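# Need coordinates for the following:
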Amino acid sequence: MSRIAVIGAGAWGTALAMTAARAGCTVGLWAREPEVVESIRRERRNALFLPDHTVDDNVFPTCDLGEAAAGAELALLVAPAQHVGAVAARLAALPDCPPLVICAKGIERASGRLMTEIVTEALPGHPTAVLSGPTFAGEVAAGLPAAVTVASTDRPLAERTAELLGAPRFRIYLSDDPVGVQIGGAVKNVVAIACGIVVGAGLGENARAAVVTRGLAETVRLAVAGGGKAQTLSGLSGIGDMMLTCNSFQSRNMSLGAALGAEPERRWTAAEILDVRDKLAEGFWTAAAVAVLADRLTVEMPICAGVNAVLHRGETVQAMVDSLMARRFREE
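Residues are numbered from 1 along each chain as shown. Okay, the predicted model is just below:
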C-alpha cells in the first residue's frame, strides 16, 4: 500500500485522509490538537471538526509531524491558508519531506502571496502541486461524488497525485495552471461573502446572480494578471467552486455574509461573528489579502474591495451596495 501524509486534521484534512484511505493508501494524519488525535484513536471520529463521520482504520493520527510524514510518497498540506507558511517551515526541517500537494484555499493576508509562493520560500525547488475544486468536506467524507483539479508545472507529480487519490467517487482532473487554480479557490470565498450579504439583506436573486457573474470576471482578471489562464476559471476550480460556495449555507463564507447583511436588529459585526464561531471562514482574511494582491497587480476588483471594506474598514453594507450600483457604465 502507498503511504500518504495529510498535514492538518480539520474537516477538510480529515475528509481527504478518508478519501486517500478509501483509495487504498495508508494515511499518516497530523493534527495540531491532541484531543483530535485522541478522539480518532479512541472513537474513530474527529469529534472536534467532523463528528458525524467514521474515520477509516488505515488513517493513523498523530501530533508528531515527522511521524505523519515518515515514508510518505506524498503529503497533502491542509493547514488554514494563513498558517501555511509556519507549517511549511516545519516541513522544511524534516530530514525527508515528501512532495507537497497544497489543499489550502487562500492568499497570505500580509503579503498577498499565493500558497505556492509561500511553500517555495520555505522549500526552494521542492515538488509542489495544488488541489482545489467544489467540495464540502462532509459530502466528501460521506463518499458522495465529487470532482477536483490538481494543478502543477510538474506533470508527473500531478499524475501521481491523481493515481493515488482518485477513486470511483472522487474524480481528479489535471491542470498545468497552479496560479489560476489557486486564485479561483481563494477569491470565490470573498465573492461568497458578498452573496451572503445579498441574501441576508434581502436584495433578491437578480442581485446574487449579478454578484456571482461579476465576481467571476474579477477573479479572471486577477488570475490573468498574476500569470494564470482565463480558461482555468471556467473549470472546477473557478466557476465550479464559485457555484458551490455562493449557493449554499453549508459555506461558512456565505453564512458569514448573511449575518453581516441581516436586518439591523439581527445584524452582526464581523468581529462579533468571529468571536462566537469555532470554524474559520477563510474569506474573512482572504478579502484583505486580495486587496493587497489586486493593488500590486493594478487589477480593479470592486466587489472584493467592497467586501474588504465591510469586513476590515467599518463600511456599512448599504454603503457597499450603493457604491457598486453607482459605478460608471462600461463594456461587460
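# which SS state does the closest residue to residue 86 other than its chain neighbours fall under?
Of all residues not flanking residue 86 in the chain, residue 79 sits nearest, at 7.8 Å (CB to CB, 6 or more residues apart in numbering). From N, CA and C alone the C-beta is placed, and that goes for glycine too. Per DSSP: H, G, I helix; E, B strand; the rest coil, the secondary structure class of residue 79 is coil.
# How about the contacts made by residue 79?
7-8, 86-87, 104 (CB atoms under 8 Å, 6 or more residues apart in numbering).
# Filter these down to the ones in helices?
Among those, DSSP state H puts 86-87 in helices.
# Scan the contacts of residue 79 and report the most crowded one.
Neighbour counts for the contacts of residue 79 peak at residue 7, which has 30 neighbours (criterion: other CB atoms under 10 Å).
# Kindly state the beta-bridge partners for that residue.
residue 30, residue 77 (DSSP bridges).
# Can I get the helix or strand encompassing residue 41 in PDB, CA atoms only?
Assigned by DSSP states H and E, residue 41 falls within helix 34-43. The C-alpha trace of helix 34-43 is given here as PDB (Å, rounded to 0.1, in the frame of the first residue of the first chain):
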ATOM      1  CA  PRO A  34      -4.100  16.400  20.900                       C
ATOM      2  CA  GLU A  35      -7.800  16.000  21.500                       C
ATOM      3  CA  VAL A  36      -8.400  15.300  17.800                       C
ATOM      4  CA  VAL A  37      -5.700  12.600  17.800                       C
ATOM      5  CA  GLU A  38      -7.200  11.000  20.900                       C
ATOM      6  CA  SER A  39     -10.800  11.200  19.500                       C
ATOM      7  CA  ILE A  40      -9.800   9.400  16.300                       C
ATOM      8  CA  ARG A  41      -7.800   6.800  18.000                       C
ATOM      9  CA  ARG A  42     -10.500   6.000  20.600                       C
ATOM     10  CA  GLU A  43     -13.700   6.600  18.700                       C
END
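# before we move on, the earlier item: which one of the contacts of residue 79 sits closest to residue 163?
Taking CB to CB as the measure, residue 7 is the one of the contacts of residue 79 closest to residue 163, at 20.1 Å.
# Verify the contact between that closest one and residue 67 for me.
No: using CB atoms under 8 Å as the test, residue 7 is too far from residue 67 to be in contact (11.7 Å).
# Please enumerate the shared neighbours of those two.
In contact with both residue 7 and residue 67: residue 30, using CB under 8 Å, 6+ apart.
# List the contacts of the helix holding residue 41.
With contact meaning CB under 8 Å, 6+ apart, helix 34-43 is reached by 9, 29, 31, 45-49, 55, 59, 61-63.
# Just the buried subset of the residues you listed, written out for ChimeraX, thanks.
In ChimeraX, this line selects whichever of these come out buried by 16 or more other CB atoms under 10 Å:
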select :9,29,31,45,46,48,49,55,59,61,62
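# now, which of the contacts of helix 34-43 sits nearest residue 315?
Using CB to CB, residue 49 is the member of the contacts of helix 34-43 that lies nearest residue 315, at 32.4 Å.
# got a list of what that closest one touches?
Here residue 49 is in contact with 9-11, 14, 36, 279 (CB under 8 Å, 6+ apart).
# Which of those fall in strands?
Within the contacts of residue 49, no residue falls in strands by DSSP state E.
# Look up how far residue 237 lies from the residue most central in space within the chain.
Geometric centre of the chain, nearest residue: residue 105, 2.5 Å, by CA atoms, centre = their mean. Counting by CB to CB, to the nearest Å, the gap from residue 105 to residue 237 is 9 Å.
# what residues are shared contacts of these two?
132, 185.
# and residue 4, what helix or strand is that in?
In this structure, residue 4 sits in strand 3-7 according to DSSP H and E.
# what helices or strands is that strand leaning on?
For strand 3-7, the packing partners by 3 or more CB pairs under 8 Å, 6 or more residues apart in numbering; DSSP states H and E come out as helix 11-22, strand 26-30, helix 65-69, strand 74-77.
# Okay, strands next: where are they in this protein?
Under DSSP E, the chain gives strands at 3-7, 26-30, 59-62, 74-77, 100-102, 128-132, 146-151, 170-175.
# for the second one, packing partners?
The helices and strands touching strand 26-30, judged by 3+ CB pairs under 8 Å, 6+ apart, are strand 3-7, helix 11-22, strand 59-62, helix 65-69.
# hey, which of these is tucked in deepest?
Highest mean neighbour count among those (mean count of other CB atoms under 10 Å): strand 3-7, with a mean of 28.
# That's all I had, so thanks and see you.
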